[in-house]
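Engineer: Sequence plus predicted model, see below.
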Amino acid sequence: MGNPNKILLVDDDPIFLTLAELAIKKENETIEIYKAMNGEEAISFLKSQSVDVIFLDLNMPVMNGWEFLEALPEVENKGDHIYILTSSIDPSDQRKADENPLVTSMLEKPLDKAKITATLSS
Amino acid sequence: MDFNQLLESVNQNISEAVFRSDKDGLIYVNSAFVKMFGYTSEKEVRTLAISSLYKDPRERTRLINKLNADHSYENEEVVFLRKDNTEFVGLISTIMHTDKNGNVFWDGAIRDVTREREFLDRIRSREQLLESINKNINEAIYRSENKKGIIYVNDEFVRMFGYNSGQEIMDMDPMELYKDPNERAAIGEEILKLGSIENKEVQFRRKDGSTFWGYLNSIMIEGVDGKIYFDGAVRNITKEKEAEQALMKYAEMQRILINLSTKYIDLPLEEVEQAINDSLKELGEFVGADRSYVFDFDKEGGVCSNTFEWCANGISPEIHNNQNLPLDIMPELVNAHLKGDPMIVDDVRKLKKKDFKELLEAQSIRSLITMPMIHNKECVGFVGFDWTRKYHKAVEKEVLLLELFSEMLVNIRIRSHNERELHKLFSKTIEQNQRLKDFSYITSHNFRSSVANLVGLLTIIEDDPGNKEYFEMLKSTALKLNLAIDAINDLLNFEKDISMLEKEEINLLDVVNDVILLNRKSATEKNIELIVDIPKTLTLRILPAYLQSILHNLITNAMKYGVTEDQRKIKISAKKESKEVFLTVADQGRGIDLERYGGKMFQLGSRFHPDEESGHGMGLYMTKQQVEAINGRIEVESEINKGTTFKVYFNG
């Protein structure tokens, strides 16, 4: 894929959202960044528009990352690439991520320059 | 023909002594006479006084009198004397004659029957022996004639078959003597074919219809009269059969014993119940009991209960009647068992203790054997047999069987108890392990996300050191990290061994007021009204730390998530309901969609409120764990925009 234009960040931690936005903008200022505090907000956002990349946290209130992935097929505008971005060290999360066809890969927080470059240029 | 010569020849050649005498004495004797009486010549004999030939001269007088009366006699038995004074028995016959001159003379003959006598005596003696044998032998002897039937039986035969006389047997159809009447014909053919049979086991029938096992020996012989006879003997082998059956029974017992002692060794615990029932049946049938059973003592409760029972066909179970029986209802039995002794009642009628007797008779028990189950020198119950249809004298092997059975039951119980304990420990460990793992994932997650934020923040602060907003973020992240560390402390407390903690009698209202006091500052800040409705006297026995933690979590949760702009009331109430203490913490906040989130309510790491005060997803999980650890339960009710109520039930 070419350089993505739109990225959706899904995480309930407002500090993380701020940091991630700053870090991505630093790499590519033209990218449009959208934020959702949980899976439910992300689903309703995707009902109105599509994005190229989704960074998805797992542990969130209301609708967590896995529930979001379950609800996603009902939405037309799916992200082209979904990266799970988490601080979980639970091996079962890694296994579930590997098995889920919607997930491109699972990344560990923090979202640093190297990870941003890798995901945006892939 | 010279008649006199013929006569003389006969007289001299026959073996009988021939004589003629008249009133003066012997006038003629033949040579056999001389020889018979041991003299040397006829002349010598003729000079004898006749009376000297008799051992007892009165015999002669008797015979003369007989002749005078009857003119003859025949075969009179007389003891004669020889010349050498030895005796012999002879048969004498004499005829009296009178000649034309009127003179009387006598002609006679004597036969020496000594040898015949001896022969007869021998025969008599044999008959006597036979008779004696027949009378005294304990075998039934018979002779039957081919195609005719029995022609002779001895006394034992009559006795053995229960008839009144031998004649009765000889008059009947011998088929009747066999349990299976057809067997007689088959046996007859066998003897005809083989000439004899030996120790054939046959079931015979007595006159009264009862049967017995006997050995039949028979031989086919041709009698002196040329007829075919079957001579035979029957020996009653009931005793041998009994011994044989006893031996078989003994072998069966060996089998049961081995079975009992090996069966339970490796038996999976889930098969134990079936195995006990099988053993009860096997043992019960073996000893011919009407019922076999297991009773367990509950010494704390002072009762015992029938836990397993087998009943013979047609015997009604008593197990339902024998639940939670007070131990003092049958002190004789219980006391014997507490001492480790068996209880043996051969005949309930002979029991001296009236109460015990009546108790057994009420259950139609006529005889019983019970054996204690001893564990660590303590009686934990008993096993036993009942007889209700007959009186039964206990024998050693029955007691032995019960003893072994009781030992096996005790062993299996120890094993199953140990296995259960092990299993409990095992699942507790697994559970604890899983909980620790979950905790470590969630805390690590919490740490890592805060640390990731710290790293990120530090990077951007480097670029923009004067940005105050970033410092605020740094501060809140550091505080969050601090909270995560607090959660670890909670975890360490929580995982303390609950059994090490002491329960205390606690006044619920006091604890609730303490928790409210701790949170008063934040309640005042948020303008929250805490309403308490708990009876002053309500107390419960509980681990104080747990109660405090549970209340703290529920109240602070309600303060965080259970209030809205307009609704700021939280109500804490409690009351005693039968044996339980029922506590509720109710708010009037936004409520939770239980249909959607109910299943996750108490899960580790679950969070429901997307605001900054969001926790770590541990509070309700820990609360539930704590409530359950003290055998309580927790439920939640909620309605969107109406509020949420947590209900906790404590064992009072």
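Structural biologist: On my side now, so go ahead. Numbers count the residues shown, from 1 in each chain, chains lettered A, B, ... in the order given.
Engineer: Going by C-alpha atoms from here, please, whenever you check contacts or count neighbours.
Structural biologist: OK.
Engineer: Okay, helices next: where are they in the stretch 201-350 of chain B?
Structural biologist: B:238-263, B:272-287, B:331-338 (DSSP state H, counting those that start in this stretch).
Engineer: do the same with chain A
Structural biologist: In chain A, helices defined by DSSP state H lie at A:14-27, A:39-48, A:65-71, A:91-99, A:113-121, listed in chain order.
Engineer: Same list, the helices of the stretch 201-350 of chain B, but as JSON lines with distance to chain A, mean neighbour count and mean pLDDT please.
Structural biologist: Below are the helices of the stretch 201-350 of chain B laid out as JSON lines (distance: least, CA to the nearest CA, whole Å; neighbours: other CA atoms under 10 Å in any protein chain shown; pLDDT from 0 to 100):
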{"stretch": "helix B:238-263", "distance to chain A": "45", "mean neighbour count": "14", "mean pLDDT": "82"}
{"stretch": "helix B:272-287", "distance to chain A": "40", "mean neighbour count": "18", "mean pLDDT": "90"}
{"stretch": "helix B:331-338", "distance to chain A": "58", "mean neighbour count": "18", "mean pLDDT": "89"}
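Engineer: circling back to that earlier point, with respect to residue B:578, which of the helices of chain A lies nearest?
Structural biologist: Between residue B:578 and the helices of chain A, the shortest gap by CA to CA is with helix A:65-71, which sits at 42.5 Å.
Engineer: follow-up on the earlier one: among the helices of chain A, which is nearest residue B:265?
Structural biologist: Here helix A:91-99 is closest among the helices of chain A (CA to CA), at 41.7 Å.
Engineer: ok, back up a step: residue B:172 is nearest to which of the helices of chain A?
Structural biologist: Across the helices of chain A, closest to residue B:172 is helix A:91-99 (CA to CA), at 97.3 Å.
Engineer: So that closest one, near chain B or not?
Structural biologist: No. Against chain B, helix A:91-99 shows no contacts by CA under 8 Å from any CA of the partner chain, the least distance being 9.4 Å.
Engineer: counting contacts, what elements does that helix pack onto?
Structural biologist: strand A:103-108 (3 or more CA pairs under 8 Å, 6 or more residues apart in numbering or on different chains; DSSP states H and E).
Engineer: just for the chain, where's the confidence low?
Structural biologist: By default, I'm working from chain A. Along chain A, segments meeting pLDDT under 70 span A:1-3, A:122.
Engineer: Chain B is the one I meant
Structural biologist: Applying pLDDT under 70 to chain B flags residues B:1, B:491-500, B:610-616, B:652.
Engineer: show me the residues around residue B:567 that make contact.
Structural biologist: Shown in contact with residue B:567 (CA atoms under 8 Å, 6 or more residues apart in numbering or on different chains): B:588-589.
Engineer: Stretch B:387-403: how far from the chain's middle?
Structural biologist: How far stretch B:387-403 lies from its chain's middle: 8 Å, per CA atoms, centre = their mean, to the nearest Å.
Engineer: Of the helices of chain A, give the one that comes closest to residue B:387.
Structural biologist: helix A:91-99 (64.6 Å).
Engineer: So for that closest one, what gets flagged as buried?
Structural biologist: For helix A:91-99, the neighbour count (16 or more other CA atoms under 10 Å in any protein chain shown) marks A:93, A:97 as buried.
Engineer: Residue B:131 - that's part of a helix, no?
Structural biologist: Yes. Counting by DSSP: H, G, I helix; E, B strand; the rest coil, one finds residue B:131 located in a helix.
Engineer: Does residue B:16 touch residue B:32 like I think?
Structural biologist: Yes. Applying CA atoms under 8 Å, one finds residue B:16 in contact with residue B:32, separated by 6.1 Å.
Engineer: Could you list the residues of chain A in contact with chain B?
Structural biologist: So chain A meets chain B at A:12, A:15-16, A:19, A:37-38, A:59-62, A:86-90, A:109-110, A:112 (CA under 8 Å from any CA).
Engineer: The residues you listed in strands, which ones?
Structural biologist: residue A:86 (DSSP state E).
Engineer: Which ChimeraX command selects the buried ones in the residues of chain A next to chain B?
Structural biologist: Buried subset of those, written as a ChimeraX selection, criterion 16+ other CA under 10 Å:
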select /A:12,15,16,19,37,38,59,60,61,62,86,87,88,109,110,112
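Engineer: need the contact list for residue B:461.
Structural biologist: Going by CA under 8 Å, 6+ apart, residue B:461 touches B:467, B:470-471.
Engineer: isn't residue B:82 right up against residue B:37?
Structural biologist: Yes. Contact between residue B:82 and residue B:37 holds when scored by CA under 8 Å: they sit 4.4 Å apart.
Engineer: anything in contact with each of the two?
Structural biologist: residue B:53.
Engineer: tell me the angle the longest helix seen in chain B makes with strand A:103-108.
Structural biologist: Ranked by residue count under DSSP H, the longest helix found in chain B is helix B:396-463. If you take axes from the mean of the first three to the mean of the last three CA atoms, to 10 degrees, helix B:396-463 sits at 80 degrees to strand A:103-108.
Engineer: roughly how far is helix B:396-463 from the heart of the chain?
Structural biologist: With CA atoms, centre = their mean, you get 43 Å for helix B:396-463.
Engineer: after it comes which helix or strand?
Structural biologist: On the C-terminal side of helix B:396-463, the closest following helix or strand by DSSP states H and E is helix B:468-494.
Engineer: now check that following helix, is it near chain A?
Structural biologist: Yes. Using CA under 8 Å from any CA, helix B:468-494 reaches chain A at residue B:473.
Engineer: Show me what counts as buried in that helix.
Structural biologist: Under the neighbour-count criterion of 16+ other CA under 10 Å, helix B:468-494 has B:470, B:473-474, B:476-478, B:480-481, B:483-484, B:487, B:491, B:494 buried.
Engineer: who's in contact with the closest residue to residue B:211 other than its chain neighbours?
Structural biologist: Excluding its sequence neighbours, the residue lying closest to residue B:211 (CA to CA, 6 or more residues apart in numbering or on different chains) is residue B:205, at 4.4 Å. Counting by CA under 8 Å, 6+ apart, residue B:205 touches B:161, B:176-179, B:211-212.
Engineer: List the ones among those residues that fall in strands.
Structural biologist: Applying DSSP E to those, the entries found in strands are B:211-212.
Engineer: Give me the three-state assignment for residue B:59.
Structural biologist: Using three-state DSSP, the structure places residue B:59 in helix.
Engineer: quick one: which helix or strand includes the residue lying closest to it once chain neighbours are set aside?
Structural biologist: Leaving aside its chain neighbours, residue B:59 sits nearest to residue B:78 (7.3 Å; criterion: CA to CA, 6+ apart). Secondary-structure element containing residue B:78, defined by DSSP H and E: strand B:72-81.
Engineer: in that strand, what counts as buried?
Structural biologist: B:72-73, B:77-81.
Engineer: same check, this time on stretch B:120-130
Structural biologist: Of all the residues in stretch B:120-130, not one is buried under the rule 16+ other CA under 10 Å.
Engineer: How far off centre is that stretch?
Structural biologist: Remark: stretch B:120-130 is offset 58 Å from the chain centroid, using CA atoms, centre = their mean.
Engineer: what's the most centrally placed residue in chain B in contact with, if anything?
Structural biologist: Nearest to the geometric centre of chain B sits residue B:283, at 2.2 Å (CA atoms, centre = their mean). Shown in contact with residue B:283 (CA under 8 Å, 6+ apart): B:256, B:292, B:401.
Engineer: how many neighbours does the nearest residue to residue A:115 once chain neighbours are set aside have?
Structural biologist: Of all residues not flanking residue A:115 in the chain, residue A:107 sits nearest, at 8.0 Å (CA to CA, 6+ apart). The number of residues packed around residue A:107, counting by other CA atoms under 10 Å in any protein chain shown, is 19.
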